[in-house]
Structure formats: structure tokens, C-alpha cells
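# here is a sequence with its predicted model. Questions after.
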Amino acid sequence: MQYLKDLESVVKINSYTKNKRGVDRVGLLFDTWLEGLGYTPKIYKRDAIGNHRHYLSSHDKFSKKLLLLGHLDTVFPQGKFEEYRVDKKWVYGAGVCDMKGGNIVLVEALRALKKEGLDIRNIDILFVSDEESGSDDSKHLTAELAKNYDYCFVYEAAGKNMEVVTARKGVGTFFIDIEGKAAHAGNHYSDGYDANLELSYKLQELVKLTDLKKGTTVNVGKIEGGIGANTISPHAHMVFELRYTTIDERQRVLNAVNHIVNTSYVFGTKSKLSGGIQRDVMQQSRESLDLLEDIKRISSQEILHEARGGVSDANIVSSCGVVTLDGFGPYGDGDHTVHERADKQSFVSRIDLSKKLFQYFIQHGDFKKGESNGR
């Protein structure tokens, strides 16, 4: 199977987000494969990270437009996890399911259509190079390009039962820096303003914002401060993460966070908030569920769906109002570990599903029943 050989070729290239040379080498391979299918690559060059790549097909003005979204980077630095191996059921290696494997699925599905003589149109592809580090650079490009599309399929890994993803939590990372006043803990205790004590009050108030029934979590993941046991702490620092499932919950927590930051629980202390929302929530919508029903009809198969607590670039596109579904890649597990693997049979089913969907979309100009652009 050619696609497994292609998968091997990209997995064996280390594409850690900060390894620009490796990420770009992977991108060049996809350039070659997609140019062979009639795509025109548009390269967004970057100095410190790999180049982002937008592949353009021909467009019919009467058709809707579909964006296929993936990323080229993986999480392990050079020399840490660069093997590729195969057994009867699984393929193993960095990115086999997250998400070089997903990128291979979409390429192989398009190849199958090309072999059958179908001209590929109205389906574009975007591969970014920094998803694993938070898409800090590419999210602006992705959001800008998303405005041009009606639908988006994201090729992150499928669920255990081959679910697609209809919702993902939003996520933000924040920092609070607290300024107190140092004083000798024995001789001048009352002269100090204890930043560590202020941090402790703020920590408890932040954690109280968690609402598990609504899927909202606030986690203070790191704290530090002070000088030593005999000194009232003059400074403290904390890092916390917010995850949420609705816009209303995001606003509730952000309002409360600002109140907590601006409240001095310990006299004399001052606090400053930094950081922000990295990827906004991908909320399940009526439109995304309707698209899922169209996919079931087109593919003649039952397709399950799920919500995930983790984020992906699907959050970005969905937040721009594009009807978005994620999880079109193969099923795998162990991602972000040296045990990452992907199920070989899931490649077969996902390639077949994508081929059917692409073919219908090209021929009808939409996924909706009865829609046609007249070709």
C-alpha cells in the first residue's frame, strides 16, 4: 500500500515544531504529492518555525468551498522518537495518528479520485507548522483564510469507535504576577506584604470557578514565589489554565478572574494578569449536526460523534463561523508519547469515507441533498 510507504517517509523525518528544517522537509514531500494532483502550493515563509502551506485547487463560482486542515509538526525533539515500524494491526511512530497519518488520509483519498479521472476542484488544503505549540503564529493565518470557506474537515485522529468530533473545549493560559513587600520575618513581620499569602487566596478563589457539570475547569498548574523562610515574600507568580464548553462560561470565568486579580486579599499587595485565550471553544451547532447527517447519507454508513476536552485548529475555524467537523484521520492512541500508534484498518475506512465525500462535493458543489451547481 503506497500510502503506508508515504507515511513512513514523513514519519521518519523529525518535525518537532522548533525543528524548522525537518518541518519544511515534510512540507516539501506534501508539495510534491499534491502538485501531482493539480494543486498549486502557496507558501507562507517563516524564519523560526516551519513554513505554512496552503494548497489551492480550481474553483467553480457556483460551488461551495471546502477546506481540509492539518498540521506538519510533532512534539518530540530530534533523537527522541524517530522510529517507524509496522505489525499486523498497527503502525508506530511520531505523528502516525497526530497527525501525519491524517494528512496521508486526505492525500490518498484525493489520489483515488484523480486515478478515476475526476478533476479536483473547490477543495483546498491548509497545513500549518506550529499546532503542537499552540498555533501562536498560524492561528491568525488560519482565521483569515477560513473566511473564504463554507465547510472545514480537520484530519486529527478519529475516536476509538471512529467518531468524528463536533465540539472541543476552548482553552486559555493565564499568568498572575503578585507584588508584595519584603521584610524580616522575625524582626519586622508586620512591615511586610506577603505575596505568597495573597497567591494562596487567589488560588482558592480561582479553583472555585470550576463547574464540572458545565464542563468548565480552572487549573492552577504552577506556583512560585518568595525568597526564603526568614523573609516575607515580596513576589509570587502563578500559571493557570481555563477550559470551557460555551461562550457564556468563558465570559463568566473571565469576569471573575478580573475581579480576583483586582482584589487585594492581603493589604499592600498588587497583582497583574497576562496571557489569554489560545483557542476559543468549538461549539456543537445545528449546522454541524446537519452536515454530519449529510455525511451519513452520502457514505451510507452510521458515523458516531463526540465532544473532546482537548483543542485543535478546528477551534479556530469553527470560531470564524465555518461549519467544521474534526476527527477525519485514522484511529490511534499514545499520541504525544513514544507509544504512539495508529490502527491500519482505520486508514482504509477513513480514506474510503473521504473519497466518497470529496467525490460528492465535487460533483454537486455542496453536501446537501438535492443541491447541484449544474455540472
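Nice, I can see it. Residues are numbered from 1 along each chain as shown.

# so what are the domain limits for the protein?
Residue ranges for the domains of the chain, per automatic domain parsing: 2-168+282-364, 170-279.

# ends of the first one, how far apart?
Between the start and the finish of domain 2-168+282-364 there is a gap of 29 Å, counting by Cα to Cα, to the nearest Å.

# and the last one, by the same measure?
Chord length of domain 170-279, first to last residue, is 6 Å (Cα to Cα).

# so for it, mean pLDDT?
Domain 170-279 comes out with an average pLDDT of 97.

# let's have the chain start at 57 instead
Sure, I'll start counting at 57 from here, so that last one is domain 226-335.

# off-centre distance for that domain?
27 Å (Cα atoms, centre = their mean, to the nearest Å).

# circling back to that earlier point, single out the most deeply packed of the domains of the chain.
Per-residue neighbour counts averaged over each of those give the maximum for domain 58-224+338-420, namely a mean of 20 (mean count of other Cβ atoms under 10 Å). (C-beta placed from N, C-alpha, C; glycine too.)

# what distance separates it from the middle of the whole chain?
Centroid separation for domain 58-224+338-420 versus its chain: 11 Å, with Cα atoms, centre = their mean.

# could you identify the helix or strand that succeeds the helix or strand hosting Leu381?
In the assignment (DSSP states H and E), Leu381 maps to strand 379-381. Downstream of strand 379-381, the first helix or strand assigned by DSSP H and E is strand 388-389.

# just the helices in the stretch 57-206 of the chain please.
Counting by DSSP state H, counting those that start in this stretch, the segments of the stretch 57-206 of the chain that form helices are 58-67, 76-91, 156-171, 194-202.

# turn those helices into JSON lines, including mean pLDDT and distance to Cys376.
What follows is the helices of the stretch 57-206 of the chain, written out as JSON lines (pLDDT from 0 to 100; distance: least, Cβ to Cβ, whole Å):
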{"stretch": "helix 58-67", "mean pLDDT": "96", "distance to Cys376": "28"}
{"stretch": "helix 76-91", "mean pLDDT": "98", "distance to Cys376": "24"}
{"stretch": "helix 156-171", "mean pLDDT": "98", "distance to Cys376": "20"}
{"stretch": "helix 194-202", "mean pLDDT": "97", "distance to Cys376": "4"}
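
# Glu138 is nearest to which of those?
Comparison of the helices of the stretch 57-206 of the chain against Glu138 by Cβ to Cβ identifies helix 58-67 as nearest, at 8.2 Å.

# relative to helix 156-171, how tilted is the closest one?
Inter-element angle recorded for helix 58-67 and helix 156-171: 140 degrees (by axes from the mean of the first three to the mean of the last three Cα atoms, to 10 degrees).
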